[in-house]
Structures are given as structure tokens and as C-alpha cells.
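K.L.:
Fold the following and give me the result.
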Amino acid sequence: MNVLNITVQLPLVDETPLDPHALALNAQEAAAAFIAAGTAANTVRSYRSALAYWSAWLQLRYGQVLGNTPLPPAVAIQFVLDHLARPLENGGWAHLLPPSIDAALVTARVKAKVGPLAFNTVSHRLSVLGKWHRIKEWDSPTEASALKTLLREARKAQSRQGVNVRKKSAIVLEPLQALLATCDDGVRGVRDRALLLLAWSGGGRRRSEVVGLQVSDVRQLDADTWLYALGATKTETGGVRREKPLRGPAAHALTAWLAVAPADTGPLFRRLYKGGKVGTIALSADQVARIVQRRAKLAGLEGDWAAHSLRSGFVTEAGRQGVPLGEVMAMTEHRSVSTVMGYFQAGSLLGSRASELLEPATQLGAPPKDHRTDLAVHPAERDSKEHVATDPAREV
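P.N.:
Numbers count the residues shown, from 1 in each chain. Okay, here's the model as predicted:
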């Protein structure tokens, strides 16, 4: 039985025009629960948007909004079938959301345009719904095995049709160097270089964290080291400030930026105006993404680049260079190992000898490589300069 063709046929409700103010109030009340649960403000904004959409969709589809009762799994399944496009036998695509309701969601300004949603968007909104139920101490409809099976099969069906879940290109070391090469010694170049290096070298910072930094959040230890402090994030509560290091080129870039744009207070990274004049207003999160995209275009890099490329690239490069996962997570402050492991493992495999098993066989006449790990080498041999030069485990 094809799970993608199974749907709970639910009657449509009267298409009463939505009241955007009522929806906003409902979403605000729902978001308050996340705030009370200690969720960071930038994450709450994302949740508020998702909850506003749930409220609008429920009102149109079922004649109800998020309230004081849990939703059954059938509602979550219907949400997926309404919003994920599925392939048809004739080669076309279809989703179950009625066009009139689709248009009403756009009119209510909770949906950008008519049509199906991306898999990532549907997954995020289901995740928010699940957390909403857990905060209320209800059984979550997102835990239903039927829903999990539907999502798994839907993802495979879309993949078979060439619709892949989009991931931003990771900025590993080589693309980062290409981006930095486009930064000249003008005010904009100095600012962008410092921003890119802080966001990348400082642990793959989120764009909201970068634009939220204040001048008072950074302090210099020596010529090669700065510390910057973060407030509460999505993994911390209580407003705890944690300091992270900036070393080497990243520290030098920050020193150069503060020399060009000296300030005792205010945002660390500020907007620029004509003539290279430094303003007093902080960059927006969207502007960080545009800086990455502009620099990638100047560098001639192909790929789908965004602010998140810095975060995923930091983790991927750490995997390439064999940095222990615990140290990586201490910098990035990922709470979930599963979230960070995809990038970390991809980077680890790029430097793995397992991906080059054919290489010794193709080098005719070349002596076999010593594939012993460093731990297996006799201590006397480990100190030998000859061993250091030939051990593949030490090659960079």
C-alpha cells in the first residue's frame, strides 16, 4: 500500500475571511509558552510564525485554532498531505490543500504564495507543533508512527523525482579563503573580513548572534587573541553569558575593524553608507546573508550560499581536520549530536583513507603506505623525523 495515497478526507469549513489581528494575538499567546520555557528570542520569532500559520490553517480547515486541547494525529497527517507535493502517475504533482484555502492563507499574509511548501518548511512546522504539545504536557500528534512513515516515504518519493531537500553549501576552508580574498582594505572590506572570520572561526555563529554582538561584548587579551561574549541562545537559559575565543587571523581582522570604526558602545557590526561612512545601526540578519552571497559571487563560487553556510562550513572543516566532536560542539553550542553529526561526518570522510582505497593500487611501483595509526607506532619510531614525514595519518 502506498502511504502517499492514504488521506483522511475531512470536510471543508465555511471560508470565513481571516482576521490577521486575531491570528497574531493567538500566535503571540502561543509563543509566550516558548518564552516561559526559556527559548531564545530569535527562535521564538520563528515559532511565532509557524504557530500563526497553524492557527490560520486550522481555522480554515477545521473551524478551530490552537486552543486548550491537543490535536489528534489525523490533523498532523492532513497537514502534510495538504502541503507536500506528491508525484502523480502522469508525471505531474499534486497536494490536497484546496485552492480557495490556499489563497485565503496568502491573503492573511501567513503564506508567501500559493502552492505546496518545501519539505524543510513542513518539517519545521511539525516540530513547532510537537514542542507546543510537549510544553502543554500533551501527547504530541507528531509522534504518531503513521506520520513518521508518511514523512519518510514522502521524502523518498520527492527524492526519486529529483526534488531534494535543500541544504546550503558549506563554507569550508577553501571557499572561506576565496571569500576573504575579495575583501580589500577599504572600510567595507575590513568590516566584511572581520564579520566572516568571527562568524566562522568563532564557532560557526548564527547570523542573529553576529548582529546581536555589542562592542562591549568583546575584549582583547593580546595581539593574537580576543574573547567575545554571547548572551542566552537557543541552548541556554537565564541570560548566561559565555565567552568564546578568536585567535590568529580572526583576532587580527577584528582589531582592524575596530581601528577603522572605533566605538565604546553600540553594535559591533554596523551598516555602511556612501563614502564608507560607518553608521550607528546594527546590520540585520538578512544583510549578513547578503554579505556572504555577494562575496561568493565576487569570488566566482558556485553553490547555494547563505549565512548558515558559515556555521555548517565550520563544523565540516573541523571534521576534515580531525577536531574532536566534543570540542566542536563546545564552540558551536549545538545541543543535539544528531544535528551536528551530518556535517561533521561529511568533513571527516573527506580526509579519510577509506575514500582513497584505490590510490595505492594505481601507483605502480610505489612502496605500500604505512597505514598504522599513530597510537600503534612504537614510541621510539614516533619521534623519528622520517616517520613524521611518511605517516599518512600526519599528512595535511
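
K.L.:
Name the nearest residue to the spatially most central residue of the chain, ignoring sequence neighbours.
P.N.:
By Cα atoms, centre = their mean, the mean C-alpha position of the chain lies nearest to His308, the distance being 5.1 Å. Spatially, and ignoring its direct neighbours in sequence, His308 is nearest to Lys168 (4.9 Å; Cβ to Cβ, 6 or more residues apart in numbering). C-beta here means a position set from N, CA and C on the backbone, and glycine is covered the same way.

K.L.:
Where does the one you found sit: helix, strand or coil?
P.N.:
Going by DSSP: H, G, I helix; E, B strand; the rest coil, the secondary structure assigned to Lys168 is coil.

K.L.:
what's the distance between it and Glu209?
P.N.:
17 Å (Cβ to Cβ, to the nearest Å).

K.L.:
Between those two, which is the more surrounded one?
P.N.:
For Lys168 and Glu209, the more surrounded residue by other Cβ atoms under 10 Å is Glu209, and the numbers stand at 25 against 18.

K.L.:
Off-centre distance for the longest helix seen in the chain?
P.N.:
What stands out as the longest helix in the chain, according to DSSP state H, is helix 41-62. Here helix 41-62 is found 20 Å from its chain centre; the criterion is Cα atoms, centre = their mean, to the nearest Å.

K.L.:
Of all the residues in that helix, which ones are buried?
P.N.:
Buried positions in helix 41-62, judged by neighbour count with 16 or more other Cβ atoms under 10 Å: 42-44, 46-61.

K.L.:
What of stretch 328-342?
P.N.:
Residues 328-329, 331-334, 340-341 are the ones in stretch 328-342 that count as buried (16+ other Cβ under 10 Å).

K.L.:
helix/strand/coil for Ile281?
P.N.:
strand.

K.L.:
What about the closest residue to it other than its chain neighbours, how many residues nearby?
P.N.:
Excluding its sequence neighbours, the residue lying closest to Ile281 (Cβ to Cβ, 6+ apart) is Arg271, at 5.1 Å. For Arg271, the neighbour count with other Cβ under 10 Å is 15.

K.L.:
Packing partners of the host helix or strand of Arg271?
P.N.:
Per DSSP states H and E, Arg271 falls inside strand 270-273. Contacts defined by 3 or more Cβ pairs under 8 Å, 6 or more residues apart in numbering; DSSP states H and E place strand 270-273 against helix 187-201, strand 277-282.

K.L.:
Just the CA trace of it, in CSV.
P.N.:
Provided in CSV are the C-alpha atoms of strand 270-273 (Å, rounded to 0.1, in the frame of the first residue of the first chain):
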residue,chain,number,x,y,z
ARG,A,270,27.3,48.4,11.8
ARG,A,271,25.8,49.5,8.5
LEU,A,272,27.8,51.5,6.0
TYR,A,273,26.7,54.4,3.9
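
K.L.:
Show me what counts as buried in that strand.
P.N.:
Going by 16+ other Cβ under 10 Å, strand 270-273 has these buried residues: 270, 272.

K.L.:
Each with direction, which strands does that strand pair with?
P.N.:
Strand pairing for strand 270-273, using DSSP bridges, gives strand 277-282 (antiparallel).

K.L.:
Could you pull out the buried residues of the partner strand?
P.N.:
278, 282.

K.L.:
That one vs helix 187-201, what angle?
P.N.:
Relative orientation of strand 277-282 versus helix 187-201 (axes from the mean of the first three to the mean of the last three Cα atoms, to 10 degrees): 40 degrees.

K.L.:
just the angle between the following helix or strand past strand 277-282 and helix 41-62, please?
P.N.:
Later in the chain than strand 277-282, the nearest helix or strand by DSSP H and E is helix 285-298. Helix 285-298 and helix 41-62 meet at an angle of 100 degrees, taking the same axes, to 10 degrees as the criterion.
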